[in-house]
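Colleague: Turn this into a structure:
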Amino acid sequence: MIVTHAPARPSDALAADLDRVRRAREQVQALIATPSLLGPDFAPIRSLDASSHASPAAGALLGWKATGRGAVGTDVGDTLSLLASAASLGLVERLDWAFRCHAFDVAMTADIAGELHITPEPETFGSACPPRLAVAFLRGRRSLSVCAELHADAFVDERRLLASVEEMRSWGWQVVYADVAGAHAAALRLLPELRPAYVHLDARVARRGDTEATAIIEAGREVGAAVLAVAVDSGAELEAALEAGAEYARGRLVGPPVPAPH
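Modeller: Residues are numbered from 1 along each chain as shown. Coordinates of the predicted model:
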């Protein structure tokens, strides 16, 4: 007797995974097509001084850090989830250009005071701005004081990083050493060449006395970089930032993110 078997059906788990991938692709592609849906969120960056113990939100405004996200409540509703989804789909470069140019548009419409800090993803290093976004990008280059944050993943391909930083400098941008502890040796070696304007101090790490972070901060000061404390969300983190001699800070105590700078 010949026994026939029905075609195998994907498991519920596989079907759910495929549905998540499809939904994520649709969401990310929608954000790329309509960058105004990307947020953005602008977090204020302010100076720290002796009076900051009482009111860190009263410090002089240095500028704003812009981050993107999808709609709240979706799979891409926060920055990290959005980047993870874009990376899994090979869409980081397109997403980064869309967000960058939209952030420029929002900042210029708001007549931004001070600097605009953004994080160019390594996938965009050396890539050309898409033609449909070129006007916004060129206007931003002419009008805004931009600071490009470099994270540890930016140091994976040092040749590409150096070429990209050279291009950014030709646009008048400054460099920020952000979360570079994961590339500690390369970050220290390249620091004199990259000459960052700022070095980030994670206030949570400062409380633990992280030696790698301390070494990068000290080396940054030797080339004239100011120290910008991030994640200043509590009184203890503010104290850690002040004790470390940070000149600037951002975090919930400094001011919550807002849809547009003001």
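Colleague: got any ranges where the protein has weak pLDDT?
Modeller: Filtered on pLDDT under 70, the chain yields the residue ranges 1-11, 13-18, 207-209.
Colleague: got the residue ranges for the strands in it?
Modeller: Ranges of strands within the chain are 41-47, 61-67, 115-118, 146-150, 174-177, 198-202, 226-230, 248-249, based on DSSP state E.
Colleague: With mean neighbour count and distance to residue 125 as extra columns, can I get these in JSON lines?
Modeller: In this view, the C-beta of every residue, glycine as well, is placed from N, C-alpha and C. Shown next, in JSON lines, are those (neighbours: other Cβ atoms under 10 Å; distance: least, Cβ to Cβ, whole Å):
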{"stretch": "strand 41-47", "mean neighbour count": "22", "distance to residue 125": "24"}
{"stretch": "strand 61-67", "mean neighbour count": "23", "distance to residue 125": "19"}
{"stretch": "strand 115-118", "mean neighbour count": "24", "distance to residue 125": "13"}
{"stretch": "strand 146-150", "mean neighbour count": "23", "distance to residue 125": "10"}
{"stretch": "strand 174-177", "mean neighbour count": "22", "distance to residue 125": "13"}
{"stretch": "strand 198-202", "mean neighbour count": "25", "distance to residue 125": "19"}
{"stretch": "strand 226-230", "mean neighbour count": "24", "distance to residue 125": "22"}
{"stretch": "strand 248-249", "mean neighbour count": "26", "distance to residue 125": "26"}
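Colleague: Which residues lie in contact with the nearest residue to residue 70 once chain neighbours are set aside in this structure?
Modeller: Spatial nearest neighbour of residue 70, excluding adjacent residues (Cβ to Cβ, 6 or more residues apart in numbering): residue 76 at 3.5 Å. Residue 76 sits next to 24, 27-28, 31, 69-70, 82, 85 when contact means Cβ atoms under 8 Å, 6 or more residues apart in numbering.
Colleague: Now tabulate the residues you listed in a markdown table and tack on neighbour count.
Modeller: What follows is the contacts of residue 76, written out as a markdown table (neighbours: other Cβ atoms under 10 Å):
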| residue | neighbour count |
| --- | --- |
| 24 | 22 |
| 27 | 20 |
| 28 | 25 |
| 31 | 28 |
| 69 | 22 |
| 70 | 22 |
| 82 | 26 |
| 85 | 24 |
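Colleague: Show me the longest helix that occurs in the protein.
Modeller: helix 12-33 (DSSP state H).
Colleague: And that one, what's buried?
Modeller: By 16 or more other Cβ atoms under 10 Å, the buried positions in helix 12-33 come out as 24, 27-28, 31-32.
Colleague: Looking at those, which one is closest to residue 57?
Modeller: Here the nearest of the buried residues of helix 12-33 to residue 57, counting by Cβ to Cβ, is residue 31; it sits at 30.8 Å.
Colleague: I figured the closest one hits residue 37, correct?
Modeller: Yes. Counting by Cβ atoms under 8 Å, residue 31 touches residue 37, with 5.3 Å between them.
Colleague: what is in contact with the two at once?
Modeller: Counting by Cβ under 8 Å, 6+ apart, the residues touching both residue 31 and residue 37 are residue 70.
Colleague: To what extent is residue 142 buried, counted in neighbours?
Modeller: 10 (other Cβ atoms under 10 Å).
Colleague: ugh, typo on my part, it should be residue 131
Modeller: A count of neighbours around residue 131, defined by other Cβ under 10 Å, yields 7.
Colleague: how near is it to residue 123?
Modeller: As judged by Cβ to Cβ, to the nearest Å, residue 131 and residue 123 stand 19 Å apart.
Colleague: next one: residue 71
Modeller: Distance of residue 71 to residue 123, given as Cβ to Cβ: 23 Å.
Colleague: who's more crowded, these two?
Modeller: residue 123 (18 against 14).
Colleague: Hmm, that one is touching residue 95, no?
Modeller: No. The criterion here is Cβ under 8 Å, and residue 123 misses it with residue 95 at 9.0 Å.
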